[in-house]
Every structure is written in structure tokens, then in C-alpha cells.
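Provide a 3D model corresponding to the input given below.
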Amino acid sequence: MTSVSQCFEQLRDHARCALIPFITAGDPDLGTTAEALRVLDRSGADLIELGVPYSDPLADGPVIQAAATRSLQRGTRLEDVLQLLKDVTPDLRSPIILFTYYNPILNRGIERFLKEISEAGAKGLVVPDLPLEEADALLKPAKDYGIELILLVAPTSSAERIAAIAQQSQGFIYLVSTTGVTGMRAQMQSRVKDLILELRQATDKPIGVGFGISQPDQAHQVMEWGSDAVIVGSAFVKRLSEGTPKAGLAAIAEFCQSLRSAIVSE
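Predicted coordinates:
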């Protein structure tokens, strides 16, 4: 499995936009999560974001919050997620990016957490409640363990803050497409196009757009605006949670393929 940066370098060489699906670990169960990672890997994903269930997911909308709650109620813990990764990552081509809040990292200890997720096979890390001012505590040790810490840029960020985040972020820059929490939205805000252009002036690092993308035409729009990656979460989580696990896996495979088709450059 390549690193996050290496994956983007390979995609740029082929002028391809990356597809990054998100699912929540342990919903509907850990066995289905393992199979879902394999399904996404062979259905067009370039990287995969795996959410660690957390009791107070402030950045997540109702769909992902509900998935995290169901997972926690079934007893999913960080140790389970780490074992899942150890079992599955040898089968995957797509680098795995863990999505977790900062409190579980602090509770476990930064060095121990990074060491364990690295040994489990994770290549990237997104911590949505980690402000730039505190990012140094994770940035250097993450690099030492081969983990790329991906920072988020909000639509409300000033030009100065955008430049500072772009300089520090590793792997790529996660551009949040809308204010508020994650979730499916009917249309993309045109402000995203301006933010991509603003980021381009500040950095040559890849830019991934997430929060709110739920349809192939939205993914295509974001690609047309110049994004290097489209990140889709709630729409995958919702499909995987509906019906039987077998039906959910079939649904995310079909959806992943439709998104991939939408962002293939003509």
C-alpha cells in the first residue's frame, strides 16, 4: 500500500481526480466494515476514510452520528478498529485514512496512538477538532511514524489562515465545502470554486473537497472546479446501513462505481 502523498502523485501523473469514500467502523458490524473496505477498494476508490466511532462527533451530521452511536452501542472500541485494519489492509490497494476526534488520541497518548495506527496499516489521519494552533503536537510525531496528518480548511477561513494550513497539512488539504456539519446536500456552494482557486495560489499540494457531496453530478462539479479529490461520507454510510449487510455492500459498490464514472476526465 502506498502513502497518501504517493497515491496523489500517481493520480496526478494520469490527470485523475481521486475518489475518497468514508464509512464508519463497526456499522452495521465490524465484519461488514471489513468487507466494505474491500468492496470500495475494488469499486473505484483511490483512498478510503475510516471513521472511528466517537460519543460526541461534533463535526458529523445526523447520518454519521447515528452510525457512530450504533457502532458504540454494539461495543466497538479503538482496539477493534486497529485489529480490523491489521486484518484488512494487506488486501487493499487504497491507503486508509483514519478519521477520529482529538480526545481519544490524547487519552491513549499521542506517541502510542500513532505507533498503533501505523502498525495497523493506516497511512493518513484526519482530526476534525484539532485547530492549527495545536497541530504541531501531532505533525512531527505523525511524520516519524509514516502517518500524514491532513488538516481542514473551512469556508470561513481567512486568506492568511488558509495559507498557514496549506503549509502545514500533509498528504493533501481537506477543504470543507460548507459551514456546519457533514451531510448530504442538494447542491454545492459556488464559494467552493473560489476557495479552490485561493488554495491554488497558496500551495501546490493536492486539494480534496468534502462535506456535502452526495451525488455523482456534485462530484463531477467539484472535479471541474479543480479539486484533486472528492470525499463522500454520509451517502456511503446511509447506503451501507440500509437493509441487510449484503444489500448494503451491493449498494455502496454501485454508488462508488457511479461516482468514479462521474469524475473520469473526458
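
going forward, measure contacts and count neighbours with C-alpha atoms only.
Fine.

Point me to the helix or strand that includes Leu98.
strand 96-99 (DSSP states H and E).

what do you get for Leu149?
strand 148-150.

mind listing what that strand pairs with, with the direction of each?
Strand 148-150 pairs in its sheet with strand 124-126 (parallel), by DSSP bridges.

which regions of this structure lie under the pLDDT threshold?
Within the chain, the stretches with pLDDT under 70 are 178-189, 265-266.

what about the strands in it?
18-24, 48-51, 96-99, 124-126, 148-150, 152-153, 173-176, 207-210, 229-232 (DSSP state E).

Quickly note the distance from Gly171 to Lys193.
21 Å (Cα to Cα, to the nearest Å).

So if I had to pick from those two, which one is more boxed in?
Counted by other Cα atoms under 10 Å, Gly171 and Lys193 do not tie: Gly171 has more neighbours, with 24 against 18.

I'd say that one and Gly146 touch.
No. Contact criterion Cα atoms under 8 Å: Gly171 and Gly146 do not qualify, at 10.9 Å.

ok so, going back, would you mind pulling the contact partners of the strand holding Leu98?
47-52, 89, 121-128 (Cα atoms under 8 Å, 6 or more residues apart in numbering).

re earlier: would you list the strands of the chain in TSV and tack on distance to Glu35 and mean neighbour count?
Listed next are the strands of the chain as TSV, based on distance: least, Cα to Cα, whole Å; neighbours: other Cα atoms under 10 Å:
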stretch	distance to Glu35	mean neighbour count
strand 18-24	12	27
strand 48-51	13	24
strand 96-99	14	24
strand 124-126	20	25
strand 148-150	25	26
strand 152-153	28	26
strand 173-176	26	25
strand 207-210	24	26
strand 229-232	18	27
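
Switch those over to CSV; also include distance to Gln201.
Output for the strands of the chain, formatted as CSV (distance: least, Cα to Cα, whole Å):
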stretch, distance to Gln201
strand 18-24, 21
strand 48-51, 27
strand 96-99, 26
strand 124-126, 23
strand 148-150, 19
strand 152-153, 14
strand 173-176, 13
strand 207-210, 12
strand 229-232, 18
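
Select, out of these, the one closest to Ala135.
The minimum distance between Ala135 and the strands of the chain falls on strand 148-150, with 8.8 Å, by Cα to Cα.

Name the nearest of the contacts of strand 96-99 relative to Ala253.
The closest of the contacts of strand 96-99 to Ala253 turns out to be Ile48 (Cα to Cα; 13.3 Å).

sorry, back to before: nearest to Val222, of the contacts of strand 96-99?
Leu47 (17.1 Å).

Tell me, how many residues neighbour that closest one?
Per other Cα under 10 Å, the neighbour tally for Leu47 reads 28.

right, and it touches Cys17 too?
No. Taking contacts as Cα under 8 Å, Leu47 lies outside contact range of Cys17: 11.2 Å.

which ones are touching the residue nearest the centre of the chain?
Nearest to the centroid of the C-alpha atoms of the chain, with distances taken as Cα atoms, centre = their mean, sits Glu49, at 3.6 Å. Glu49 makes contact with 20-23, 96-99, according to Cα under 8 Å, 6+ apart.

okay, those in CSV with distance to Ile263 next?
Listed next are the contacts of Glu49 as CSV, based on distance: Cα to Cα, whole Å:
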residue, distance to Ile263
Ile20, 12
Pro21, 13
Phe22, 17
Ile23, 20
Ile96, 20
Ile97, 21
Leu98, 24
Phe99, 24
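
Closest to Val81 out of the residues you listed?
Nearest to Val81, judged by Cα to Cα, of the contacts of Glu49 is Leu98 at 9.8 Å.

so what's the closest residue to Ala45 other than its chain neighbours bridging to?
Excluding the flanking residues, the one nearest Ala45 by Cα to Cα, 6 or more residues apart in numbering is Leu19, at 5.2 Å. Under DSSP bridges, the beta-bridge partners of Leu19 are Val230.

from memory Leu19 sits against Gly44, does it?
Yes. Assessed by Cα under 8 Å, Leu19 is found in contact with Gly44 at 7.3 Å.

hmm, back to that, just list the residues touching the residue nearest to Ala45, thanks.
Leu19 makes contact with 44-47, 229-231, 259-260 under the criterion Cα under 8 Å, 6+ apart.
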